[in-house]
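> I would like to see how this sequence folds:
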Amino acid sequence: MWPEIKGKSKVMAKLKKIKILSLAKLQGILFAYVGLLCGILYSFSGFIYDLVTTGSLNLGTALAFFALIGMPLLFASFGFVAGLILAVLYNLFSGWFGGVDIDLAQ
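Prediction:
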């Protein structure tokens, strides 16, 4: 055991394996939120650009609002695949190098 710090004991653990589907789902969800933020910024900036340059809304503005749906789906799918690849690579290399030390506070 490690010495106590501010009334909490410090426990070190070693992360040797990651469940592949678990990391893929988590990363897919996180990337979907990033995609939603990017979609909001993209559609809002396209809206402002059309209002400033043409003074009205056109088909480009309507298509930009589809980014609110498309970007989260695209980001989520890329995040899911990246999570799969990352977990497989981590499990492969952690077997060779021993994993990552994690500080678990109790």
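> what's around residue 80, how many residues?
20 (other CB atoms under 10 Å). (C-beta placed from N, C-alpha, C; glycine too.)
> got a list of what it touches?
24, 25, 27, 28, 31 (CB atoms under 8 Å, 6 or more residues apart in numbering).
> after the longest helix anywhere in the chain, next one along is what?
Longest helix in the chain, counting residues (DSSP state H): helix 20-53. Downstream of helix 20-53, the next assigned helix or strand under DSSP states H and E is helix 59-65.
> so for that next one, what's the average pLDDT?
Per-residue pLDDT over helix 59-65 has a mean of 74.
> Check stretch 19-35 too.
pLDDT averaged over stretch 19-35 gives 96.
> and that stretch, which residues are buried?
20, 23, 24, 25, 27, 28, 31, 32, 35 (16 or more other CB atoms under 10 Å).
> For residue 7, report the pLDDT, please.
57.
> cool, residue 4 as well?
Turning to residue 4, the model gives it a pLDDT of 55.
> Please renumber the chain so that the first residue is 32 from this point on.
Sounds good: first residue 32 from here, last item residue 35.
> if we can go back for a sec, could you dump the buried residues of stretch 50-66 into JSON lines and include distance to residue 94?
Shown next, in JSON lines, are those (distance: CB to CB, whole Å):
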{"residue": "51", "distance to residue 94": "36"}
{"residue": "54", "distance to residue 94": "34"}
{"residue": "55", "distance to residue 94": "30"}
{"residue": "56", "distance to residue 94": "30"}
{"residue": "58", "distance to residue 94": "28"}
{"residue": "59", "distance to residue 94": "25"}
{"residue": "62", "distance to residue 94": "22"}
{"residue": "63", "distance to residue 94": "21"}
{"residue": "66", "distance to residue 94": "17"}
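> Which of those residues sits closest to residue 132?
residue 54 (18.5 Å; CB to CB).
> Quick check: the closest one touching residue 119?
No: checked against CB atoms under 8 Å, the pair residue 54 and residue 119 is beyond contact range at 9.5 Å.
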